[in-house]
Every structure is written in structure tokens, then in C-alpha cells.
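Peer 1: Model the following, please.
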Amino acid sequence: MTSATVYDAATKDLDPPFAVVDLAAFDANADDLVRRAAGKPIRVVSKSVRCRALLERVLAKPGFTGLMCYSLAEAVWHVEQGTTDDVVVAYPTADYGALRRLAADERARAAITIMVDSAEHLDLVDAALGNGHPEIRVCLELDASWRPLPGVHVGTRRSPVFTPKQAAELARIIMARKGFRLAGMMGYEGQIAGLGDADGGRPKNAVVGWMQRRSAAELARRRGAAVRAVRAIAELEFVNGGGSGSVESTVAEDAVTEVAAGSGLIGPTLFDGYAHFSPRPAALFALPVVRRPTRNVATLYSGGYIASGPTGPSRVPTPYLPSGLSLLSFEGAGEVQTPVTGEAARSLRLGDRVWMRHAKAGELAERFTHYHLVSGDRVERTVPTYRGEQQNFG
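Peer 2: Numbers count the residues shown, from 1 in each chain. As a prediction, this is how the structure comes out:
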């Protein structure tokens, strides 16, 4: 753990609130992802980073190839900026304007693959572009959730394509439609990749581990069969799977040709709870002490950066440095003030910094226009986030 003193020294000329990325931690996390991927390429999940300079940094490293964007408009922008010439859009789009930009740009059409899971997605593209539109690359999404019993759904609600038969049926529809090219398949096992199975390296819930093992085994069989069924119909360029939390089990599947990862680069608090890997906290934000209401409480300015997902304690920001601080349960992190308490609060003075961690990887970038990239005890450079480049992809 880098000490608060080092971060304070590196950023002594900056007025908080501000955000930093520790480059040593970021690079170490990237190296660990490559180790875990065991030779299979890693597609970088842009929503977990949302900073072009950092995306370019990781894409320049061996083992990483291409982006997985969350918005078609974002994908087109990255191609226009020259970030990469290989982008998969992880979610279906209903953005007519972005589809028209895609169709009008030959370079973007060659670089970008959009997501579909039904014939209706093809209909929407036709409606946006009209008859006779240029060929659009598409990726067929297989639902990777676990359904052990009728009516039981464990995982994210994504594609209606669940069985190998359904995947083959959609592949035939895509192949029969003019103006489309089936380039790949994808399946995101959120119940494994996005759900921690440990606390401080110790198992916290035997049920979670049991579920993940059973789910991974079922998915490997089903995804393998689905990929074989689709490959009998179309030549797939890639089969993408997983996420930062499931790299090992995903790359073990022969059917998968690449794995997606992004949060593992940043190391947010939601990724502290995995038994098989421990990313270093790379993105932090500093808040200043502006009040001392009692001897045991210091009040910070701002800080109420609540993460998306189910509401609860896991979604709030966490005091990180100096160690020994915690939020007040009855007040939490607020829009304009965030009280912290604990032994370390007694020595905090007005103007001191408290370093915080966000619960999720990419959402911190929506709060700040710039990241200060820290190397040792200095700021190596300051780079814009998406917001700093005046990009808002929703």
C-alpha cells in the first residue's frame, strides 16, 4: 500500500477534490490480468476506465487487444480518435444517429462490431439505415446466466438466446440478411465475473463458491455447444467471454478465444472480495477536511459518489488513507459533506486530505474531468477523462 504521505507529496500543488491514478498499481494490475489470461488476448472493457490515455496505455501492453465499449457512439469516437481499430460494442444499440455515423465511415465499419440477440436488432438497423445499407459487423450474444431450475435465474438479465439451438437459429437469420456480417459471439457470466467469493482472501460464503463452480461447469458445456453450432453456419472471428472476476475459468474453455476485463485494472472496492486475485487500488480521489465537529469526527467536502447497482453499503465510497477511518452509518457519504470517524480522525486538521476509493471502476471518471497520473512521489501528467474531453455516452 502506498502511504498517504506519498500521495500528498505528489499532489501538494493541487486543490482537492481531485482524482489520481497510481500508474504502478495500474500497470501491476494489467500484468496480473495477462498472467491470469494464460496466453489468451484480453479485450479491454472501456466502461471500467473511461479515460482515453489510460486505455491507450493498456492497449500498448502485450496481451491486450481491442476495446469492448458500452456505447456505439463511444466506439465510433474511439475509432475517429485512433485509439484502436478493433471494437466490440457490448450492448445492443438503438442510437439511430450513431448507426448512421457507423454506416457512413468505412474505417469505422471495418473496426466496429455491434451486439445483437434477436432479429429485431437487425430490423432496427435496417430502419435506421434504410435498404441497401453497407455491411454491418454483428456479434451474437449468448446469455451466460445460470438457470439450475425452472424459474430460477442467477446472473444478469441479458440475451434471450440461451440454448445452442437458439444461437444457431439466430445465426441462420443473420447470415440470410443482406447488409450484415456475423463476426463473433459473446457471453458475459456476471454471476461469476462480477460477484466476489471471499473477504480478505477468506471464503465468505460457501454458497457463492458452490454456485460459481456449478455455473462455470454448466456454461462451459453450453457455450461450447453453442459455439460449435454457430461455427457450423458462419466463420467466427472471435468468441468473447468473462470479465475481471472470471478470467481463469473463462480462458479455460476451448470455445473462448478472448476474455474481457476492465475493472481489474482499476481495483475498486467491489473487487476486494475475490479469493483468487487481489487487484491493487489504482484510482483514488482526495477530499479535504473542512470541519472538525467533534474530537473523533472530521468532515470532508463533497464525496457522495454512490455507485450504480443494488443500493446498500457495498455501493458507497470507502475511506482508504490514512487507514483507520470509516463513514458514519447514519450520514454516509454526502453531496456536499462526508463525515469520517475513527482513530485517525483525531489527528486530521483542516485542509488535510483523506484518500477515498470508489465502489466501481469506471464511474469515478464521470465525477472528474481529469485524472492526475501519479508515478512515485510526482504527478507524471494530467489527462482528461471522457468528461474532460466533453464526451458523455450515458
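Peer 1: Just the buried residues of stretch 344-353, please?
Peer 2: 344-345, 348, 352-353 (16 or more other Cβ atoms under 10 Å). The C-beta positions use only the backbone N, C-alpha and C, and glycine is treated the same way.
Peer 1: Redo those as a markdown table? Include secondary structure and pLDDT.
Peer 2: As requested, those are exported to a markdown table (DSSP: H, G, I helix; E, B strand; the rest coil; pLDDT from 0 to 100):
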| residue | secondary structure | pLDDT |
| --- | --- | --- |
| A344 | helix | 96 |
| A345 | helix | 97 |
| L348 | coil | 98 |
| D352 | coil | 98 |
| R353 | strand | 98 |
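Peer 1: would you list these in a markdown table and tack on distance to G304?
Peer 2: A markdown table is the format used below for those (distance: Cβ to Cβ, whole Å):
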| residue | distance to G304 |
| --- | --- |
| A344 | 21 |
| A345 | 18 |
| L348 | 19 |
| D352 | 19 |
| R353 | 17 |
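Peer 1: May I ask which two of those residues are separated the most?
Peer 2: A345 and R353 (13.2 Å; Cβ to Cβ).
Peer 1: re earlier: nearest to F26, of the buried residues of stretch 344-353?
Peer 2: When the buried residues of stretch 344-353 are compared against F26 (criterion: Cβ to Cβ), the nearest one is R353, at 20.4 Å.
Peer 1: quick one: what helix or strand has the spatially closest residue to the closest one that is not a sequence neighbour in it?
Peer 2: Nearest non-adjacent residue to R353, counting by Cβ to Cβ, 6 or more residues apart in numbering: A286, 4.5 Å away. Using DSSP states H and E, A286 falls within strand 283-294.
Peer 1: The closest residue to V138 other than its chain neighbours and D32: what is the separation?
Peer 2: Leaving out its chain neighbours, the residue that sits closest to V138 by Cβ to Cβ, 6+ apart is V116, at 4.8 Å. Counting by Cβ to Cβ, to the nearest Å, the gap between V116 and D32 amounts to 33 Å.
Peer 1: which of those two has more neighbours?
Peer 2: Between V116 and D32, counted using other Cβ atoms under 10 Å, the more crowded position is V116 (25 against 19).
Peer 1: Quick check: the more buried one vs I136, distance?
Peer 2: Per Cβ to Cβ, V116 is found 9 Å from I136.
Peer 1: before we move on, what about N296?
Peer 2: 60 Å.
Peer 1: Neighbour count for the two, which is higher?
Peer 2: I136 (22 against 12).
Peer 1: Show residues contacting the one helix or strand R109 maps to.
Peer 2: If you go by DSSP H and E, R109 is part of helix 106-111. Residues outside helix 106-111 that contact it (Cβ atoms under 8 Å, 6 or more residues apart in numbering): 75-76, 79-80, 84-87, 101-103, 134-137.
Peer 1: Among the residues you listed, which ones are in strands?
Peer 2: Cross-referencing the contacts of helix 106-111 against strands under DSSP state E gives 87, 136-137.
Peer 1: need those residues in CSV with distance to L270 and pLDDT, can you?
Peer 2: Shown next, in CSV, are those (distance: Cβ to Cβ, whole Å; pLDDT from 0 to 100):
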residue, distance to L270, pLDDT
V87, 25, 98
I136, 34, 98
R137, 32, 98
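Peer 1: How about the contacts made by A94?
Peer 2: L124.
Peer 1: Offset the numbering so it begins at 611, please.
Peer 2: Yep, numbering from 611; the last one is A704 now.
Peer 1: which SSE is it in?
Peer 2: Per DSSP H and E: nothing holds A704, as it lies in no helix or strand.
Peer 1: any idea how far it lies from E973?
Peer 2: 23 Å.
Peer 1: Would you confirm that R782 contacts A839?
Peer 2: No - taking contacts as Cβ atoms under 8 Å, R782 lies outside contact range of A839: 10.1 Å.
Peer 1: Looking at those two, which is more packed in?
Peer 2: A839 (17 against 14).
Peer 1: quick revisit: same question for whichever helix or strand comes after the helix holding R719, mean pLDDT?
Peer 2: Following helix 716-721 in sequence order, the next helix or strand is strand 722-726 (DSSP H and E). Mean pLDDT, strand 722-726: 98.
Peer 1: What's the first helix or strand after strand 722-726?
Peer 2: Criterion used, DSSP H and E; the element after strand 722-726 is helix 729-739.
Peer 1: Show me what that next one is packed up against.
Peer 2: Secondary-structure packing of helix 729-739 (3 or more Cβ pairs under 8 Å, 6 or more residues apart in numbering; DSSP states H and E): helix 706-714, strand 722-726, strand 746-751, helix 774-786.
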